[in-house]
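S.K.: I would like to see how this sequence folds:
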Amino acid sequence: MGGLLSFSKKYFRKYKSRLCMGFILILVSNVLTLLPIPYIGKSINIIKNIFTSFSKHDTRIYSNLEVKICIYTSIILIIPIIGGFVKYHMRQCIITTSRMIEFDIKNEIFSHYQKLNLSFYRKNSTGDLMNRLTEDVSFIRQYIGPGVMYFINLVVLFLMVIIQMFRIDRTLTFYVILPIPILFISIYYISIYITKKSEEVQNYQSIICSFMQETFSGIQVIKSFVSEKFFQEKHKKVILEYRKKNIELAKIDTILSSVIIFFIGTSHLLILFFGGKKYFKGEIREIGTIAEFFTYINVLIFPFIILGWVVSIVERAKVSQIRINEFLKETPEIFNDNNLIKTKIFGKVQFKNVSFIYYNRKDQPTKTISKVSFTIPKGKTLILTGETGSGKTTIGRLISRLYDPYKGEILIDNLSLKNHDLYNFRSKIGYVPQESFLFSDSIYNNIALGSVEKVKPCKVYDAAKKAMIEDDILNFKDGYETVIGERGITLSGGQKQRICIARAIIRNPSILIFDDSFSAIDQKTRKSIIRYIKEDMKNSTIIIITHDISYISDFDLIIVLKNGKIFKIGNPSIFF
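M.R.: Numbering: from 1, shown residues only. Below you'll find the predicted structure:
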C-alpha cells in the first residue's frame with residue numbers, strides 16, 4: 001500500500017483542505033453515531049423500572065420515568081438525523097474530491113501519452129492504453145474516495161467504540177476484541193490472493209479492449225470477408241476467460257466477506273455468553289449495559305462488512321497503480337527542450353549517413369534504412385520512390401522528427417534537427433501520411449486542426465480550394481460544418497486524402513511531405529493539386545513519396561530506394 005500512497009500523496013497535498021474537512025466530518029459523524037447509544041441502554045433500564053413501578057402502583061415514580069423515556073427517545077431519534085446530515089456532507093466532500101483527483105490523473109496520463117514516441121505506440125495496443133486510462137484510473141479513484149473514507153471511518157469508529165466499551169466494562173471488552181487480531185491476519189492473507197486475481201482480471205480487461213477496438217476499426221474488412229462468425233467465436237473465448245477470472249476473484253471476495261461476518265457473529269456470541277454470565281452473577285447490575293454492548297458491535301457491522309470491499313479496492317488500485325506507472329515511467333526519447341532558440345525554418349534538408357531501426361512489440365529490431373545521404377535545397381521538389389518496404393515512409397517520419405535516426409545526422413538549414421525547438425519546427429512542417437486519418441468532428445475543424453481559433457475562415461476555404469475538395473464540401477448539406485464519422489468513414493478515400501492535404505497546406509509550411517497521399521485521387525486532380533501547391537508555395541521544400549511518378553512532371557531531384565538504401569539519385573534526366 002506504500003507505493004499506492006506515494007503515488008497519491010501529491011494529489012492529497014493539492015486537495016488537503018477539502019480532505020481535512022472531510023476527515024473532520026468523519027470524526028463528527030462518528031461522535032454523533034455513538035452519542036445516542038448510552039441512551040439506548042438507559043432507555044432499556046427505564047423500561048424495566050417502569051414495569052417495576054407500575055406493578056407496585058407507584059404513580060409518582062412511574063410519571064418521572066415516563067418523562068425520562070421521552071427525553072431519551074427524542075435524543076435517540078434526533079441525533080441520527082443530524083448525523084445523517086453530517087454524513088451527507090462528509091461523503092460529498094471526500095467523493096467529490098476523489099472525482100477531482102481522477103480528473104487530474106486522467107489529464108496527467110493523457111498528457112504523458114501524447115509526449116511519448118511513436119515507437120511506444122508500435123509496442124502497445126490502443127485497447128491497453130485506453131483501459132489504463134479508464135478502468136485503472138477508476139480503481140485508483142475508488143481507493144482515494146470511498147476506499148480511504150470507509151477505512152478511516154472504520155478506524156476512528158472502532159477506536160471510539162473500544163474506548164466506550166472499555167469505560168463500561170473492561171473484561172467484556174476484552175472478550176469482544178479477542179477475535180479481531182485473527183480477523184486482521186485472515187484479511188492480510190486473503191488480500192494476497194485478491195491482488196493476484198485482480199491483476200489477472202485487469203490484464204484481461206486490456207485484452208478485451210484491444211480486441212474490441214481492433215474489431216470495430218476493421219468492421220468493413222470483417223463484413224467483406226464474411227468473418228462475423230469467426231470473430232464472434234473469438235470474442236466468446238476471450239469473454240469466457242474473462243468471466244472465469246472474475247468468478248475466481250468474486251469467490252475470494254465472498255470468502256473475505258464471510259470471514260468478516262463470522263468474526264462479528266463470534267463477538268455477538270461472546271457478549272451474549274459472558275455478558276449474560278456476568279449479569280446473573282450480579283457483576284453487571286443493569287440489563288441495559290449488555291444491550292449497549294450489542295449496539296456498539298452492531299454499529300461496527302457495516303464498517304467491517306465494507307472492509308472486505310475496501311481491501312478488494314485497495315488491492316485492485318495497487319495493481320492499477322503499477323500498470324499506470326509502467327507507462328508513466330516511459331520517458332520520451334524525442335522531447336522539446338525549452339532552452340533551444342526558435343529559429344526561422346527555410347526548408348533545406350540534409351541526410352548524412354542516416355540509418356534507422358524499428359522495434360516491434362517483442363523488441364525485435366527491423367532495419368529499414370541504412371547510410372542514406374542526400375541534400376534538398378530550400379524550395380526544391382524531391383520525389384522519393386521505390387518498392388514497398390524500401391524505407392520511403394521512414395524518411396518522411398525522420399524529417400518530421402517523429403523518430404530520431406539510429407545512426408547519422410539530419411540537418412535542417414545546416415543545423416542539426418535535434419538542435420531545433422521541436423514544436424517550432426513541427427509547426428513549419430506539413431505532413432500528409434499514408435493513412436488519411438480524420439477526427440470525428442466537422443470538416444472545418446479537421447482542416448484547421450490545432451489552429452481553429454487562430455485561422456481565419458477564408459484560409460480554411462482557400463486550403464480546401466487548393467486541395468480540390470471545396471466543391472465536394474459545398475455539396476454536403478451542412479457544408480464545412482458537416483460532421484465526419486469516426487476515422488472519416490462517411491467519406492470516400494479521395495475525399496479523405498484531399499481534406500488531409502488541405503489540413504497540411506493551410507499552415508503554409510516550409511517543408512511539405514506527401515506520403516503516398518494521392519493514391520485514391522484521379523490523375524487529373526493530382527496534377528491540378530500539385531500545380532496549385534507549387535505555384536502558391538514556391539519557397540517551400542516539397543517531398544512527394546510515391547510509387548507512381550507519371551503524374552509529376554516538374555521536380556528537381558529523384559531518389560529511388562531499394563532494401564533501405566539509395567539505389568538511384570539524380571535529376572529528372574535519369575528517368576526521362
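S.K.: check the secondary structure at the closest residue to Phe374 other than its chain neighbours for me.
M.R.: Spatial nearest neighbour of Phe374, excluding adjacent residues (CB to CB, 6 or more residues apart in numbering): Phe351 at 5.3 Å. Where C-beta positions appear, they are placed from N, C-alpha and C, glycine not excepted. Following DSSP: H, G, I helix; E, B strand; the rest coil, Phe351 is assigned to strand.
S.K.: which ones are touching Phe351?
M.R.: 372-375, 395, 398, 408, 410 (CB atoms under 8 Å, 6 or more residues apart in numbering).
S.K.: closest to Thr134 out of those?
M.R.: Checking the contacts of Phe351 against Thr134 by CB to CB gives Leu398 as the nearest, at 33.5 Å.
S.K.: state the number of residues packed around Gly389.
M.R.: Using other CB atoms under 10 Å, the number of residues around Gly389 comes to 13.
S.K.: any idea how far it lies from Tyr358?
M.R.: Counting by CB to CB, to the nearest Å, the gap from Gly389 to Tyr358 is 11 Å.
S.K.: circling back: how far away is the residue nearest to Phe374 from Arg170?
M.R.: According to CB to CB, Phe351 and Arg170 sit 85 Å apart.
S.K.: so where's this structure shaky on pLDDT?
M.R.: 1-7, 48-66, 220, 224-225, 360-364, 367, 450, 452-453, 486-488, 573-576 (pLDDT under 70).
S.K.: residue nearest the centroid of it?
M.R.: Geometric centre of the chain, nearest residue: Leu133, 1.3 Å, by CA atoms, centre = their mean.
S.K.: with adjacent residues omitted, what lies nearest to that one?
M.R.: Leu133 sits nearest to Ile109 (CB to CB, 6+ apart), 5.4 Å away.
S.K.: neighbours of that neighbour, how many?
M.R.: Neighbours around Ile109, by other CB under 10 Å: 18.
S.K.: try Ile429
M.R.: Ile429 is flanked by 21 other residues according to other CB under 10 Å.
S.K.: next, the contact list for it, please.
M.R.: Neighbouring residues of Ile429 by CB under 8 Å, 6+ apart: 399-400, 509-513.
S.K.: any idea what it is bridged to?
M.R.: Ile429 has these beta-bridge partners by DSSP bridges: Ile511.
S.K.: ok, now how distant is it from Leu398?
M.R.: Distance from Ile429 to Leu398, counting by CB to CB: 12 Å.
S.K.: could you do Ile297 as well?
M.R.: The gap separating Ile297 from Leu398 is 70 Å, by CB to CB.
S.K.: of these two, who's got more company?
M.R.: Higher neighbour count among Ile297 and Leu398: Leu398, with 23 against 18, using other CB under 10 Å.
S.K.: how close does that one get to Leu417?
M.R.: 8 Å.
S.K.: can you check Val28 too?
M.R.: According to CB to CB, Val28 stands 61 Å off from Leu417.
S.K.: could you check which of those two has the larger neighbour count?
M.R.: Using other CB under 10 Å as the criterion, Val28 and Leu417 rank with Leu417 on top: 21 against 16.
S.K.: so the more buried one sits against Arg401, correct?
M.R.: Yes: with contact defined as CB atoms under 8 Å, Leu417 counts as touching Arg401 (5.7 Å).
S.K.: quick check: neighbours shared by those two?
M.R.: With CB under 8 Å, 6+ apart as the test, Leu417 and Arg401 both reach 410, 425.
S.K.: element containing the nearest residue to Ile177 once chain neighbours are set aside?
M.R.: Distances taken as CB to CB, 6+ apart place Ile162 nearest to Ile177, at 6.5 Å, with adjacent residues excluded. Here Ile162 sits within helix 148-168, counting by DSSP states H and E.
S.K.: list the buried residues of that helix.
M.R.: Residues of helix 148-168 classed as buried by neighbour count (16 or more other CB atoms under 10 Å): 148-154, 156-158, 160-162, 164-165.
S.K.: residues in contact with stretch 496-506?
M.R.: For stretch 496-506, contacts defined as CB under 8 Å, 6+ apart pick out 430-433, 436-438, 443, 446-449, 451, 455, 459-460, 462-464, 466-469, 472, 488, 491, 512, 514, 517-521, 525, 529, 533, 537.
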